[in-house]
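Visitor: Compute the structure for the input listed below.
(one chain, ligands or ions: 1)
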Amino acid sequence: MRIYQEADYDAMSRRTAAIIAAEVIRKPDCVLGLATGSTPVGSYRQLVAWQQEGLLSFGTVTTVNLDEYRGLGPDHEQSYRHFMRVNLFDQVDIRPDRTYLPDGLAADPEAECRRYDALVESLGGTDLQLLGMGHNGHIGFNEPGTAFIRETHVVDLTRSTIEANARFFQKKEEVPRQAITMGVGTIMSARRVLVAVSGADKAEAVRRAFCGPITPEVPASILQLHRDVVLVGDVAALSGMREEGVFQ
Ligand code: F6R
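Guide: Model prediction:
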């Protein structure tokens, strides 16, 4: 595993964006696995700036996102499709028909999960998968549990996630109760995994993921078995690993 320790969120974002940009320049028709959440926002902003400066092009890039809420259409402000459009897709030269997320409105969610895995396979797999990490070590919506789930699947959101999301919705009934997420098998099949973490509140999750036992109780710990992981974190998020003596 290669670790980049950066001073703060901005430096972490720039480093993460540089690794994504390097992939796009190395392989202009690459398949990027993308994430939502607060962590990658700064990296997307940097990629937009570099693309607008003409340093790289997303013209032949394909993207597959990790997850989407069930019940939210692409125009819903809280959908991950909307997030991706606002933070990246609408601001760069990517072809909209080459950007994929699970369909949150699919009438048959199980069939949608199978379609999504088949799609990733038909694209030849993911070249670079960007991941954030939850405080409990989740990746995508793979929450701590008793087993690793390989394939794309439907997850019931935990009560705390539903409550945390409630602030973004006008009515409580609108808050999604489920999501569709790539499974850990799909994530692990990416040729390279890029994990971005920021903030002291992530330090314990990062330590457990990379210095503790490999267990479905810490879903990100499976990444220890991946042969090409790049971890980019700010000093605060990597403090737990530093205490373990992994690096200075
Ligand atoms: C997002 C995703 C999640 C987030 C994680 C961290 O598509 O799948 O696993 O990466 O919850 O979220 P932030 O970056 O908001 O701390």
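Visitor: List the buried residues in the longest helix along the chain.
Guide: Longest helix in the chain by number of residues (criterion: DSSP state H): helix 9-26. Under the neighbour-count criterion of 16 or more other C-beta atoms under 10 Å, helix 9-26 has 9, 11-21, 23-24 buried. Placement of C-beta: from N, CA and C, glycine included.
Visitor: average pLDDT across that helix?
Guide: What helix 9-26 shows for mean pLDDT is 98.
Visitor: Determine the set of other helices and strands touching it.
Guide: When contacts are defined as 3 or more C-beta pairs under 8 Å, 6 or more residues apart in numbering; DSSP states H and E, helix 9-26 sits against strand 2-6, strand 31-34, helix 41-52, strand 128-131, strand 192-197, strand 229-234.
Visitor: Out of the ones you listed, the one nearest the ligand is which?
Guide: The ligand sits nearest to strand 128-131 of all the helices and strands packed on helix 9-26, at 6.2 Å, using C-beta to the nearest ligand atom.
Visitor: Let me see the mean pLDDT of that closest one.
Guide: 98.
Visitor: Remind me what it packs against, helices and strands.
Guide: Here strand 128-131 touches helix 9-26, strand 31-34, strand 192-197, going by 3+ C-beta pairs under 8 Å, 6+ apart.
Visitor: try it again with 10 Å
Guide: With contacts defined as 3 or more C-beta pairs under 10 Å, 6 or more residues apart in numbering; DSSP states H and E, strand 128-131 has these neighbours: helix 9-26, strand 31-34, strand 62-65, helix 184-188, strand 192-197, strand 229-234.
Visitor: Kindly present these as a markdown table, with separate columns for distance to the ligand.
Guide: Output for these, formatted as a markdown table (distance: least, C-beta to the nearest ligand atom, whole Å):
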| stretch | distance to the ligand |
| --- | --- |
| helix 9-26 | 11 |
| strand 31-34 | 8 |
| strand 62-65 | 7 |
| helix 184-188 | 10 |
| strand 192-197 | 8 |
| strand 229-234 | 12 |
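Visitor: can you tell which of those is closest to Glu173?
Guide: Closest approach to Glu173 among the helices and strands packed on strand 128-131 (C-beta to C-beta): strand 62-65, 25.3 Å.
Visitor: Next SSE downstream of that closest one?
Guide: strand 67-69 (DSSP states H and E).
Visitor: Pull up the pairing partners for that next one, direction included.
Guide: Partner strands and pairing direction for strand 67-69 (DSSP bridges) are strand 178-181 (antiparallel).
Visitor: Go ahead and name everything in contact with the partner strand.
Guide: Residues outside strand 178-181 that contact it (C-beta atoms under 10 Å, 6 or more residues apart in numbering): 65-72, 80, 101-104, 106, 109-110, 112-113, 116, 138-143, 149, 152-157, 161-162, 187.
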